[in-house]
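Quick check, what structure comes out for this input:
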Amino acid sequence: MLVLTRKKGQALMIGNDIELSIIDIQGDQVRIGISAPKSVTIHRKEVFEEIKRENLSAVAQKETDIQELNLTFIRKKD
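Model prediction:
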């Protein structure tokens, strides 16, 4: 992990097209501005983790549905 020190009003670049700016610092909270292409998806980590969990759950449910459908088809075929 790269750790950098920045002050209010300073920024850093990720690659050529993503800029992170320090907008404000109040106590233990830091407000960050992100400038990135529209094709780059940005989420808070806790939201990102929830999306991943939901996607995995949906895939597991779909696999279960397909297995049940296959069993139903096999039973009807017999």
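
Only C-alpha atoms from now on, for both contacts and neighbour counts.
OK.

wait, is residue 19 part of a strand?
Yes. Under DSSP: H, G, I helix; E, B strand; the rest coil, residue 19 sits within a strand.

what's the nearest residue to it if we skip its chain neighbours?
Nearest-residue entry for residue 19: residue 13, 4.6 Å, with adjacent residues in sequence omitted and distances by Cα to Cα, 6 or more residues apart in numbering.

Am I right that that neighbour is in a strand?
Yes. Using three-state DSSP, the assignment for residue 13 is a strand.

That one touches residue 20, doesn't it?
Yes. In this structure, residue 13 is within contact of residue 20 by Cα atoms under 8 Å, at 6.3 Å.

residue ranges of the strands in the protein, please?
11-14, 18-26, 29-35 (DSSP state E).

Looking at those strands, which one is packed in the most?
Among these, ranked by average contacts under mean count of other Cα atoms under 10 Å, first place goes to strand 18-26 (a mean of 14).

So which elements touch that one?
Here strand 18-26 touches strand 11-14, strand 29-35, going by 3 or more Cα pairs under 8 Å, 6 or more residues apart in numbering; DSSP states H and E.

And those: which comes nearest residue 68?
strand 29-35 (45.3 Å; Cα to Cα).

Give the rounded mean pLDDT of that closest one.
Throughout strand 29-35, pLDDT has a mean value of 97.
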